[in-house]
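S.K.: Structure of the sequence below:
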Amino acid sequence: MAWALVRQRVKSRRPTARDQGVREEGDRTGGRAIWERTLRDKAVRDQAPRDRAQRDERRPNITAAEAVIGGGPLTTAGVSVVLAAACLVGGLIDLLLVGTAAWAITGLFLAATVYAALKVHRQGWYSAVVGPPLAFALGLSLIAIFSPHDFGSGMVGAATTTLELLAGKARAVFVGTAAALAIVLVRRLPFNR
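M.R.: Below you'll find the predicted structure:
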């Protein structure tokens with residue numbers, strides 16, 4: 001009941017000079033700009049379709065399942081999670097099956113790099129180019145920690161084994177990073193917007 005009275009009072013209020021954007025004596029131009037912006041916003045709202053069916057006609061017909069399957073663009077943090085997860089899983093598979101860096105870390109790294117470059121936000125393009133080598137080093141360090149060390153023991157041995165594995169898999173790092181850079185550059189071309 002109380003809301004009905006409030007709504008009725010608001011509807012019955014007569015428009016003032018401020019509502020119509022007319023300058024009153026003593027007003028400054030800054031205040032008028034705010035009134036004009038408010039009037040412009042009201043005009044846009046009045047022209048907008050009020051019927052739900054009219055609004056839905058303008059939206060693309062995408063169901064919730066299609067939105068989940070297709071996924072949205074990845075943020076910088078999302079790119080980091082995708083790359084790190086792929087390299088850690090690949091490193092774990094290689095560690096369990098072979099005992100050193102082999103095909104799983106390389107394949108998952110390349111797939112995750114291409115996926116991240118295709119799905120990253122346009123503003124976060126740098127994360128798709130800088131992230132892959134770092135994620136690959138993370139996956140290789142997992143392998144190096146749990147595999148026998150060639151040079152020394154402890155953390156020094158793990159670090160040198162990581163560097164040795166990086167040197168052996170340098171081609172995969174370069175190919176993945178070059179593919180990500182090429183995809184990101186093509187996506188940033190002006191005719192792709």
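
S.K.: tell me the domain boundaries of the chain?
M.R.: 17-58, 71-192 (automatic domain parsing).

S.K.: tell me the mean pLDDT over the first one?
M.R.: Yep, that's domain 17-58 we're talking about. In this model, domain 17-58 has a mean pLDDT of 58.

S.K.: Can you say which of the domains of the chain is packed in most?
M.R.: Ranked by average neighbour count under the criterion mean count of other C-beta atoms under 10 Å, the domains of the chain are headed by domain 71-192 at a mean of 18. Every residue, glycine included, has its C-beta placed from N, CA and C.

S.K.: I'd like the average pLDDT over that one.
M.R.: 91.

S.K.: residue boundaries of the helices in this protein?
M.R.: 2-12, 29-47, 52-58, 64-70, 76-97, 103-119, 125-146, 154-168, 170-187 (DSSP state H).

S.K.: Quick check, residue 75 in contact with residue 122.
M.R.: No - with contact defined as C-beta atoms under 8 Å, residue 75 does not reach residue 122; the gap is 11.7 Å.

S.K.: Touching, residue 180 and residue 117? I think so.
M.R.: Yes - the pair residue 180 and residue 117 qualifies as a contact (C-beta under 8 Å) at a distance of 4.1 Å.

S.K.: Spit out the residues that contact these two alike.
M.R.: Counting by C-beta atoms under 8 Å, 6 or more residues apart in numbering, the shared contacts of residue 180 and residue 117 are 128-129.

S.K.: Now do the contacts for residue 124.
M.R.: 74-76, 79.

S.K.: Tell me how far it lies from residue 101.
M.R.: Residue 124 is 28 Å from residue 101, where distance means C-beta to C-beta, to the nearest Å.

S.K.: quick one, what contacts residue 162?
M.R.: Per C-beta under 8 Å, 6+ apart, neighbours of residue 162: 137, 140-141, 144.

S.K.: residues touching the nearest residue to it once chain neighbours are set aside, list them.
M.R.: In this structure, residue 162 finds its nearest non-sequential neighbour in residue 144, 4.2 Å apart by C-beta to C-beta, 6 or more residues apart in numbering. Taking C-beta under 8 Å, 6+ apart, we find residue 144 in contact with 158-159, 161-162, 165.

S.K.: could these go into a markdown table alongside distance to residue 175?
M.R.: Listed next are the contacts of residue 144 as a markdown table, based on distance: C-beta to C-beta, whole Å:
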| residue | distance to residue 175 |
| --- | --- |
| 158 | 25 |
| 159 | 24 |
| 161 | 22 |
| 162 | 19 |
| 165 | 16 |
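
S.K.: OK, contacts around the closest residue to residue 104 other than its chain neighbours?
M.R.: Nearest residue to residue 104, sequence neighbours excluded (C-beta to C-beta, 6+ apart): residue 93, at 3.9 Å. Listed by C-beta under 8 Å, 6+ apart, the contact set of residue 93 reads 104-105, 108.
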